[in-house]
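**Student:** Here you go, sequence then predicted model.
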Amino acid sequence: MSLPTLSLDQAEAWDALTLLLQEAGIDLTTEEVMPPTEGKGRVMAVIGKAGSGKTLLLAELTRALRDVGVDIVSGDYEGKKHKDRRTVAVLAPTNKAAFVLRMRGVPATTIHRILYTPVYDPEYERIAEWLVTGGERPKIADLAEEALDRAKAFYEIHASIPGALAAAGLRGSDFIQGWKRREDPLDIGLIDESSMLDERQFDDLREIFPVLVLFGDPAQLAPVGQSGEMVFDRLANKQKLILNRIHRQADDSPILDLAHALADPQLDFASFERMIQDAARRDPRVVWAERVESDLMARSPVLVWRNATRVRLISAFRSAYGAPADALLPGEPLICDGLELPLKHRKKRIDLEARGLIKGAQVIYLGPGRKPGFRGFMSSGPRIRAFRPPRSSRSRCPISRNPSSPSRPRWARPSCTERQ
């Protein structure tokens with residue numbers, strides 16, 4: 001087992017985690033995996049601010065477990081169970097947090113998708129079993145061989161069964177018949193963004209996972225109703241693995257320094273403004289200006305202090321480039337603000353999520369759909385059609401024109417960031 005170069009605090013955390021897994025019957029050093037046994041539940045937390053290496057440890061731990069033969073459990077599909085099987089699930093409280101991990105190659109899903117598992121149509125379950133196990137290629141009467149090839153290519157990259165079946169041209173209503181609450185316990189749970197967890201979610205996870213590892217940022221806001229505490233605050237000191245060293249971004253970017261400064265509750269607007277001015281004097285990549293230049297905004301994110309400022313700035317930016325106030329233009333980028341579908345359309349929601357339309361996803365507006373009142377979008381995955389965009393997303397679509405080609409619009413990415 002090879003590891004990237006770790007700092008001292010990361011190496012200490014890794015040793016503690018490998019010892020925890022060894023006590024649970026999984027030895028990452030000798031690559032020996034013992035059958036699961038009943039015993040006292042184990043909980044440990046890896047705690048550190050942004051840039052301290054939590055995601056690195058989470059990704060490496062997932063890879064090491066997979067390499068020694070531990071099966072990855074996702075909310076998409078579970079293969080056949082046997083009593084000696086060891087499993088690990090990588091979870092996050094929100095779709096966006098899980099999506100960020102998946103983009104880094106970590107097969108994550110949401111906590112909700114583990115608590116409630118899909119019931120597949122037996123015909124299409126054969127495809128899921130083939131994708132997961134690599135067994136005999138199925139023969140499906142209504143599905144061409146090219147469709148199966150697309151499904152396999154998608155699964156090899158994204159490790160998502162619904163996404164793979166969607167790439168094959170199937171809808172969620174074709175292969176998911178319903179949902180059921182999980183009754184049997186799992187094995188090892190790795191929970192990212194655990195600072196978002198409330199006590200009820202934490203209790204549910206401890207009930208399901210005999211071994212639970214939390215990854216959290218103490219600088220984030222605690223969940224509402226938690227009296228300012230996070231679930232890992234109540235753990236004993238020996239259960240907390242603290243990452244103190246902050247690893248800078250590539251090329252010594254000043255962005256991470258400013259982001260960490262915002263976590264200081266004593267920081268006021270005037271002090272932060274002075275920090276930005278100092279950074280601009282030291283580094284040409286930081287630009288300080290009394291007003292926002294539209295060309296700069298088209299290329300780089302703009303940090304604003306209040307949500308009202310963000311809305312006004314984007315509205316002014318669109319107006320400056322001739323974008324109508326009451327309509328979207330084909331090619332405009334959007335940030336998905338969530339899916340607003342009635343409960344009866346739950347299967348359609350799952351289908352859209354499988355295609356990449358989740359909260360926080362960046363999509364491109366394609367134009368009017370086939371039905372009145374509907375729109376088409378394109379995400380990083382397959383094309384999405386017939387979805388009504390949330391109204392709130394219309395304030396998040398800045399555009400610009402390429403100065404070298406003034407007659408042809410060049411669409412910029414969403415470029416306003418709001419301090420939460």
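**Tutor:** On my side now, so go ahead.
**Student:** Please tell me I have it right and Ile47 contacts Asn244.
**Tutor:** No. Counting by C-beta atoms under 8 Å, Ile47 stays clear of Asn244, with 9.7 Å between them. Where C-beta positions appear, they are placed from N, C-alpha and C, glycine not excepted.
**Student:** Between these two, which is the more surrounded one?
**Tutor:** Neighbour count, other C-beta atoms under 10 Å: between Ile47 and Asn244, Ile47 has more, with 23 against 11.
**Student:** so the more buried one, which of the three states?
**Tutor:** Assigned by DSSP: H, G, I helix; E, B strand; the rest coil, the conformation of Ile47 is strand.
**Student:** for it, what are its contacts?
**Tutor:** 216-218, 232, 240-243 (C-beta atoms under 8 Å, 6 or more residues apart in numbering).
**Student:** any idea which of these is closest to Arg285?
**Tutor:** Nearest to Arg285 among the contacts of Ile47 is Asp217, at 24.9 Å by C-beta to C-beta.
**Student:** Can you name the residues that contact the residue nearest to Leu8 when sequence neighbours are not counted?
**Tutor:** Leaving out its chain neighbours, the residue that sits closest to Leu8 by C-beta to C-beta, 6 or more residues apart in numbering is Arg245, at 7.6 Å. Taking C-beta under 8 Å, 6+ apart, we find Arg245 in contact with 7-10, 52-53.
**Student:** So which of these are in helices?
**Tutor:** 8-10 (DSSP state H).
**Student:** hey, where'd the helices end up in the stretch 51-200 of the chain?
**Tutor:** 54-67, 95-103, 111-115, 122-133, 145-158, 161-167, 172-175, 199-208 (DSSP state H, counting those that start in this stretch).
**Student:** so which of those is the most packed in?
**Tutor:** helix 161-167 (a mean of 26; mean count of other C-beta atoms under 10 Å).
**Student:** Restricting to C-alpha, output that one in CSV.
**Tutor:** Extracted in CSV, the C-alpha atoms of helix 161-167 (Å, rounded to 0.1, in the frame of the first residue of the first chain):
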residue,chain,number,x,y,z
ILE,A,161,-25.8,2.9,-11.2
PRO,A,162,-28.6,5.4,-11.8
GLY,A,163,-26.3,7.6,-13.8
ALA,A,164,-25.1,4.7,-15.9
LEU,A,165,-28.6,3.5,-16.6
ALA,A,166,-29.6,7.1,-17.5
ALA,A,167,-26.6,7.2,-19.9
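**Student:** The protein - how does it break down into domains?
**Tutor:** As given by automatic domain parsing, the domain ranges for the chain are 8-243, 248-288, 294-418.
**Student:** Now tabulate those in JSON lines and tack on mean pLDDT and distance to Ser2.
**Tutor:** Shown next, in JSON lines, are the domains of the chain (pLDDT from 0 to 100; distance: least, C-beta to C-beta, whole Å):
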{"stretch": "domain 8-243", "mean pLDDT": "85", "distance to Ser2": "10"}
{"stretch": "domain 248-288", "mean pLDDT": "77", "distance to Ser2": "22"}
{"stretch": "domain 294-418", "mean pLDDT": "60", "distance to Ser2": "30"}
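**Student:** most tightly surrounded among the ones you listed?
**Tutor:** By mean neighbour count, with neighbours taken as mean count of other C-beta under 10 Å, domain 8-243 ranks first of the domains of the chain at a mean of 17.
**Student:** sorry, back to before: how about the contacts of Arg245, which pair is most distant?
**Tutor:** Among these, the pair separated by the greatest distance (C-beta to C-beta) is Leu8 and Ser52, at 12.3 Å.
**Student:** follow-up on the earlier one: dump the ones in helices among the contacts of Arg245 into a markdown table; add distance to Gly322 as well.
**Tutor:** Shown next, in a markdown table, are the ones in helices among the contacts of Arg245 (distance: C-beta to C-beta, whole Å):
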| residue | distance to Gly322 |
| --- | --- |
| Leu8 | 55 |
| Asp9 | 52 |
| Gln10 | 50 |
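**Student:** just these now: which is nearest Leu262?
**Tutor:** In terms of C-beta to C-beta, no member of those lies closer to Leu262 than Asp9, at 22.7 Å.
**Student:** mind listing what that closest one touches?
**Tutor:** By C-beta under 8 Å, 6+ apart, the neighbours of Asp9 are 52, 242-245.
**Student:** That one and Gly53, how far apart?
**Tutor:** 8 Å (C-beta to C-beta, to the nearest Å).
**Student:** quick one: common contacting residues for the two?
**Tutor:** 243, 245.
**Student:** Could you export stretch 12-31 as CSV, CA atoms only?
**Tutor:** What follows is stretch 12-31, C-alpha atoms only, in CSV (Å, rounded to 0.1, in the frame of the first residue of the first chain):
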residue,chain,number,x,y,z
GLU,A,12,-0.5,10.5,13.1
ALA,A,13,-4.2,10.6,12.1
TRP,A,14,-3.6,7.8,9.5
ASP,A,15,-1.9,5.6,12.1
ALA,A,16,-4.8,6.0,14.5
LEU,A,17,-7.4,5.2,11.7
THR,A,18,-5.5,2.1,10.6
LEU,A,19,-5.4,1.0,14.3
LEU,A,20,-9.1,1.5,14.6
LEU,A,21,-9.8,-0.6,11.5
GLN,A,22,-7.3,-3.3,12.7
GLU,A,23,-9.3,-3.6,15.9
ALA,A,24,-12.4,-4.0,13.7
GLY,A,25,-10.8,-6.9,11.8
ILE,A,26,-9.3,-5.0,8.7
ASP,A,27,-5.6,-4.8,8.6
LEU,A,28,-4.5,-2.3,5.9
THR,A,29,-0.8,-3.2,6.4
THR,A,30,-1.0,-6.9,6.0
GLU,A,31,-4.1,-6.7,3.8
